[in-house]
Each structure stands twice: as C-alpha cells, then as structure tokens.
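Colleague: My questions are about this predicted structure, shown below with the sequence.
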Amino acid sequence: MFTLQRIETSTQEIKKSRFHAIAGPIEDESSAIAFLAAHSEPAANHNCWAWRLGRSYRFSDDGEPSGTAGKPILAAIDGQKLDRVAVLVTRWFGGILLGSGGLMRAYGGTAALCLRTAEKIELVDRQGATVACDFADLALIKARLASRGAAVTNESFTDTGAVLTIEMRKELVDDVLALVTDLSRGKAIVSLEK
C-alpha cells in the first residue's frame, strides 16, 4: 500500500463544467475532516469527496445523484492502491447535464488523473523496541542492527551497558530478535513496544 508524499491537484474541463481535484495524505478521521473543510470551495456547485484509512472509508456525493461522485472517487483511490488518502473533487457547473455515467467518469476520472501523477510513498508498518545490552556487545549489535534495516533512534547508558531504542519494519521483528539474542549470547534484553 502507498500514500501520497504531499498534497496534489489536477483540473479538467468536461462539457463546460470545471472539475478540480485536490488529494492529500491523512493520518486519521479528524485529519480527513480537516483536509476536506480546508479545501472545499463554498462558491462551487458541488464538493464531492472520499477518503480511505485502512478498512475505514467515507464518501459524499454532495448533492449529485447518489453514487455518481463519491464512489467513483473512492474507486480511484483504491485503483491506485492508496491508503491514508483523502480526495476532494470540486465541480463548477457549466450548464450542460452530464448524466449519471458522465458524472461518474468525470468525478472518478479527475480523481484518478490527480492520483496517477502524484508522488507516492510506501506505507510501512513499523515496530519500536528497546534493547538493553552490555558494553562488550554494544558496537556489534548497533552495526548489525543497521545492516538489517533497524534504526537506532535513541541511546542511553547504564553502569554496565546501554539501552537502545530502535525502530524496524514489522516483518523484520523475528529476525532482529534472533540477531540480538545470537550476538549477545542470550544476555541482551529486547522489549517490544505495544
């Protein structure tokens, strides 16, 4: 899964109606609501939107016929395999009716155009942990953690050694635990964050 690096926009005109999409990364439902509130255009005819956060999602047709705006925007998000993303498509009516199919293509197409050109970053589930080890094992553990993709984010010292705060990809947890145990001959203590 991916999310967006930053806020992106795209505009297109379809049968004299102007469609403007703005998409951005979100962290939770309240940030999605804030994003939509900040970018909605009160003077526009319709501010239709969708957002996805993991299994949670919401969408709105904002006065357009049911299913012609919000669902196609959500489909564009899902089609790009995106998560933690909100998309708002604003329409200024140009006087020509588009019909249900035309509205679905216009809203979904404008959202997809915006998302296709957006810079994406991979979403990675991270796991934090602390490693308490002796001074004799410290340098080797730090070097090997780095080579395995675990980042040391903090380091403090005790009378006999050090306590490292580390962060790693979730799928590396078992490998990192085995590595630390092997390098310290079972003496290091690893505690995973909840």
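Modeller: The structure has been received and is ready for your questions.
Colleague: quick one, helices of the chain?
Modeller: Counting by DSSP state H, the chain has helices at residues 29-39, 70-79, 99-117, 135-147, 173-183.
Colleague: Which parts of this protein belong to which domain?
Modeller: 2-122, 126-192 (automatic domain parsing).
Colleague: mean pLDDT lowest for which of the ones you listed?
Modeller: The minimum mean pLDDT among the domains of the chain belongs to domain 126-192 (a mean of 92).
Colleague: returning to what we had before: most packed of the helices of the chain?
Modeller: helix 70-79 (a mean of 21; mean count of other C-beta atoms under 10 Å). Any C-beta I mention is one placed from the backbone N, CA and C, and that applies to glycine too.
Colleague: count of neighbours near the residue nearest to Ala129 when sequence neighbours are not counted?
Modeller: Nearest non-adjacent residue to Ala129, counting by C-beta to C-beta, 6 or more residues apart in numbering: Leu192, 4.9 Å away. Number of residues near Leu192 (other C-beta atoms under 10 Å) recorded here: 11.
Colleague: Could you tell me which residues make contact with Leu192?
Modeller: Taking C-beta atoms under 8 Å, 6 or more residues apart in numbering, we find Leu192 in contact with Gln127, Gly128, Ala129, Val173.
Colleague: Pick out the most distant pair among those.
Modeller: Gly128 and Val173 (10.3 Å; C-beta to C-beta).
Colleague: Output the helices of the chain as JSON lines; include the columns distance to Ile14.
Modeller: JSON lines is the format used below for the helices of the chain (distance: least, C-beta to C-beta, whole Å):
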{"stretch": "helix 29-39", "distance to Ile14": "20"}
{"stretch": "helix 70-79", "distance to Ile14": "13"}
{"stretch": "helix 99-117", "distance to Ile14": "5"}
{"stretch": "helix 135-147", "distance to Ile14": "52"}
{"stretch": "helix 173-183", "distance to Ile14": "49"}
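Colleague: Please identify which of these is closest to Ala86.
Modeller: helix 29-39 (4.7 Å).
Colleague: Contacts made by that closest one with the rest, please.
Modeller: Here helix 29-39 makes contact (C-beta under 8 Å, 6+ apart) with Ile22, Gly24, Ile26, Asn47, Trp49, Trp51, Leu53, Ser56, Arg58, Ala86, Leu88.
Colleague: Repeat that for stretch 72-85.
Modeller: By C-beta under 8 Å, 6+ apart, the list of residues contacting stretch 72-85 reads 1-4, 23-27, 48-54, 57, 59, 87, 89, 104-105, 107-109, 111-112, 115-116, 120, 123.
Colleague: now for that stretch, what's the gap between its first and last residues?
Modeller: Terminal residues of stretch 72-85 are spaced 15 Å apart (C-alpha to C-alpha, to the nearest Å).
Colleague: How far away from the center of its chain is that stretch?
Modeller: On the basis of C-alpha atoms, centre = their mean, to the nearest Å, stretch 72-85 sits 11 Å off its chain's mean C-alpha point.
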